[in-house]
Each structure stands twice: as C-alpha cells, then as structure tokens.
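*Asks:* Below: sequence and its predicted model.
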Amino acid sequence: MDAIRDAILADAPADELAALPLPADFRAALVRADEQEMFAGLPSEEKDPRKSTHVEAVPLPELAPDEAYVAVMASAINFNTVWTSIFEPLPTFQFLKRLGKESVWGARHDQPFHIMGSDAAGVVLRVGSAVRNWKPGDRVTVHCNYVDDQDPSSHDDSMLATNQRIWGFESNYGGLAEIALVRANQLMPKPEHLSWEEAACNALCNSTSYRMIVSPHGAQMTQGQTVLVWGASGGIGAYACQYVLNGGGTPVGMVSSPERAALLHEMGVEHVIDRKAEGYRFWKTDTEQDPGEWRRLGKKIRELAGADPDVVFEHPGRQTMGASVFVAKRGGTIITCAATSGFTIEYDNRYLWMMLKTLKGCHFANYREAWEANRLVCEGKIHPTLSRVYPLDQTGEAATQVHHNLVEGKVGVLCLAPEEGLGVRDTALRERHLDQITLFRRHGG
Ligand code: NAP
C-alpha cells in the first residue's frame, strides 16, 4: 500500500498510478461474525464499539465489471457504523448473507468479517471493463446508495429499488479501509477546496438531509417556511440547518447544551432550543406521554420563530415523535429517516388527521440527489461539519464517541492519508469559505 499512498501524496500522473501493482491484501476496520453475540443481554449504552471493532488485513476481492477500487484517503463515522459495531438492531451479517445469494459477484460480500464505512474520499485505482465515466487517478467521493441498475424497479427513483442497499452497512468492503470496493454509480467528484477528511465526511449525511429538506421525494421546503430540526448540530441535523438557511427558510435548531447552541448561532441559526435546559419530559413514564410537554415545546417554537413548523426534521424517534406530530403546523410535514431512541413509535393520531399533516418516511438519496448535494459542497454552498478526526486504528474509539452523543457534526477517519489537511487543490475557494469549513473543527477539536 505504501507505493500507492506515496504516489497519491506526490500527485503522480494517472498512468503511473494505474501501473502500480495492487496489493494482495489491505487493512480495514471490521467486525467479526464469530463475535456477533458478544454483547448479548447488555443495554445499548454498554455495548462498546472499541471491543467489537478490529483493524486488520483482509484479501483484496476480485473487481466486478461495473466496479472500481478506490484508494481511500479518508472516511467517516456514521450512525450506521455504530449500529454495525454494536450489532443492533440486528447483526449486519444477515444483510451480507442475503447479498451473497443474489449473484456470483454478490457472493464476495458474504464473509466472516464485515468491513464498515459508508463514506469515503480517495483516488480511483482501477475500474472494471464496463465502467465508462471514471478512470484511474480520478479524485472522488463515494455515496452509499448501492443499487443494481439492471433491476427495472431502480429506474424511477433508485431508492425505491427492491434490492436497494446502503454500501458499507448492507454490503461489505466499505470505506473504513485502505481500499474500498464501490460500484461506478456511487462515484462523485471530490470537492477540491477540501482536505481528504473534510471531503470524506459529507456524502451520507449531506445527501440524506438534501433529500429530506430539498427534494420532491422529501419535504421540498419552500422559502419562508419554518423547520424544526432535531439534533441540529449532529450528523444530519447540521446539514439540514444549512439547507433550510440556503433555501430561505427559518430553522429552529434543537440541541442539548449551551456549547451546541453557540455553534448553531455561529452557523447563522438564530432560533435554538436547548432541550436539556428546558427539561422537556415528553414521556411521563415508559408507556405514557405528556401532551402538556408537547404544548410547552410548541409554545416555545412560536415564541422564537413566530410560527408553527411547516416541516419537522425527525430522527430521534420514540422519544420525540409524539411531540413532532403535535407541534407541526396544520397541513405541515413530519419527515423522518430514523428512530435512534426507539423504533416503536407512538403519537396521537388526531393531531395528524384532523390537522391534515403528513408523516413521510425518507431514506438516504438517489444518485441524482447525492450528486446535487455533492455539487453544492463542490461550489462552497454547503460546508463540511467535521469536528474530530481519528486514525483508522482508532475507528472503535471514533464510533464510541458518536454512540454516546459526545461529538458535534461529523467524525472523520484517516485511512491512507498520513495526516490532516492534505489533498486541497482549490486554495482560492477554500480561503473564501475557510471560517465555515473549519467551524465545527474549531468547536470540537
Ligand atoms: P448524530 O450525529 O449522533 O446526531 C444525532 C443528534 O440527535 C444528536 O446530536 C442529538 O443532539 C440528537 N438526539 C439524540 N438522541 C436524542 C433524543 N433522545 N431526543 C432528542 N434528540 C436526540 O447522528 P446522525 O448522523 O445525525 O444520525 C441520526 C439518526 O439518523 C441515526 O439514527 C442514523 O442512523 C439516522 N440516519 C438515517 C439515514 C437514512 O438514510 N435513513 C441517514 C443518516 C442518518 P442533541 O443531544 O444536541 O439534541
């Protein structure tokens, strides 16, 4: 791997890079099938990604005709890295087995290890014989919509494809590794004003928030609308706030500390609620919610923004959904992509149907949406929210930080990049937006 890393760091020409021999194996952050029961019986908080995550060498798989090997300079932690490493809600080896049965190429994924990671930035090393738009030497970011484009169901909105998967979560050979195996239709240009780790942290969360806020498949927010964003300084929330601001809306950011509130103010989010300071208790007991607390939240949002939210950006799930459905404006939309605090949701349906609200499910993004979201990063209109960076060897620690809600924005992981700050080509664009690019890093350092 050293020769490949050195060639990339030296900006070697594409033909030189393409001529370098591929290694027989490469290092990767993975969980093992024989350890998938290691946390059985423990509560989620006690399941420790540092115990389940290993960084070790694995053999390089064969390349399919529609795929590329990417030399990964940097990757990032997503919440699905946490899910994989604590084997919740179920061990991901089941996904790999299912993929393994689909085709000869799918069988490569069914291994006794699962390489995690649904984000990456790096350089294309080789492409399969059917790849037209990419070549060795291309500097890329990778989005995680893993779609079989020979399936007719993938051709309206590929997120509706019957066998749509999230790469690095429902497939093997993800981004937390020195080499990633990706389909050509996952590749996007690297934003050249960003370092490798800044470029690597966006695709999953940024594309998800783009679809949820901007796309007709999501809430399609219009100018002047008010949007309540849960976890507004978190992975998806901080991109959601940027989209609301860019689109002429008014975000109301929900956070859990004064430091996070200050960070949002610096991002330009005027209205921020510290849910801890307010002491909301939406659930009186494990089984009963408190509508008085929903009302108290609704009043607070009105006081701040002067209106009920047209859109609620929802992902905490069980803890907050009752409140989210209640506070949304008459005719408003609750757009949800997750349920971090519990999948079994309860809300008072009267507030949904009698107030003509829409509860809409959303999941990652199709290639066009991911491409648009990446284009906005490339143009300096959406900024990375990178707050911390770890080496590949400390992937377990990095996932632990996200698991326990200890970080803002995104956590990066250096794979082949030996240090932070490398890979920038467009220094003029970087200078113009330096404050915003480094905002979370300055806070989270
Ligand atoms: P994250 O970086 O950990 O941020 C989540 C934020 O939610 C936290 O910063 C926290 O903010 C807030 N939060 C956590 N528990 C909460 C609770 N009980 N009540 C209220 N707020 C709470 O995670 P993320 O990357 O933003 O992801 C969030 C969820 O979305 C995860 O479940 C993830 O798997 C899912 N997701 C789904 C998709 C998809 O395509 N379907 C894509 C990306 C992420 P405060 O403590 O400051 O309030």
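*Replies:* Received the coordinates, thanks.

*Asks:* buried ones in the helix ranked longest in the chain?
*Replies:* Ranked by number of residues, the top helix in the chain under DSSP state H is helix 291-305. Buried residues in helix 291-305, counting neighbours by 16 or more other Cβ atoms under 10 Å, are found at 293-294, 296-298, 300-301, 304-305. For glycine as for every other residue, the C-beta is placed from the backbone atoms N, C-alpha and C.

*Asks:* right, is it up against the ligand?
*Replies:* No. Using Cβ under 6 Å from any ligand atom, helix 291-305 stays clear of the ligand, with a minimum separation of 11.2 Å.

*Asks:* strands paired with the next helix or strand after that helix, and their directions?
*Replies:* Downstream of helix 291-305, the first helix or strand assigned by DSSP states H and E is strand 311-314. According to DSSP bridges, strand 311-314 forms sheet pairs with strand 226-229 (parallel), strand 333-336 (parallel).

*Asks:* a markdown table please, covering the ones you listed and showing mean pLDDT.
*Replies:* Shown next, in a markdown table, are the strands paired with strand 311-314 (pLDDT from 0 to 100):
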| stretch | mean pLDDT |
| --- | --- |
| strand 226-229 | 98 |
| strand 333-336 | 98 |
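
*Asks:* quick one: which of the ones you listed is nearest residue 430?
*Replies:* Nearest to residue 430, of all the strands paired with strand 311-314, is strand 226-229, at 26.9 Å by Cβ to Cβ.

*Asks:* Tell me if stretch 170-189 is near the ligand.
*Replies:* No. Stretch 170-189 stays clear of the ligand (Cβ under 6 Å from any ligand atom), getting no nearer than 11.6 Å.

*Asks:* Output that stretch in CSV with nothing but the alpha carbons.
*Replies:* This file holds the C-alpha atoms of stretch 170-189, laid out as CSV (Å, rounded to 0.1, in the frame of the first residue of the first chain):
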residue,chain,number,x,y,z
GLU,A,170,-25.7,-3.8,3.9
SER,A,171,-22.7,-4.6,1.7
ASN,A,172,-19.2,-5.5,2.6
TYR,A,173,-15.9,-3.7,1.6
GLY,A,174,-17.0,-0.2,2.9
GLY,A,175,-15.0,2.9,3.3
LEU,A,176,-13.2,2.4,6.6
ALA,A,177,-10.3,0.7,4.9
GLU,A,178,-7.3,1.4,2.8
ILE,A,179,-9.1,0.2,-0.3
ALA,A,180,-12.9,0.3,-0.9
LEU,A,181,-14.9,-1.7,-3.5
VAL,A,182,-17.6,0.5,-5.0
ARG,A,183,-20.0,0.5,-7.9
ALA,A,184,-19.2,3.1,-10.5
ASN,A,185,-22.6,4.7,-9.9
GLN,A,186,-21.5,5.6,-6.4
LEU,A,187,-18.7,7.8,-7.5
MET,A,188,-18.8,11.6,-7.4
PRO,A,189,-16.1,14.3,-7.9
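
*Asks:* Distance from that stretch to the middle of the chain?
*Replies:* 14 Å (Cα atoms, centre = their mean, to the nearest Å).

*Asks:* which parts of the stretch 1-150 of the chain sit against the ligand?
*Replies:* 78-80.
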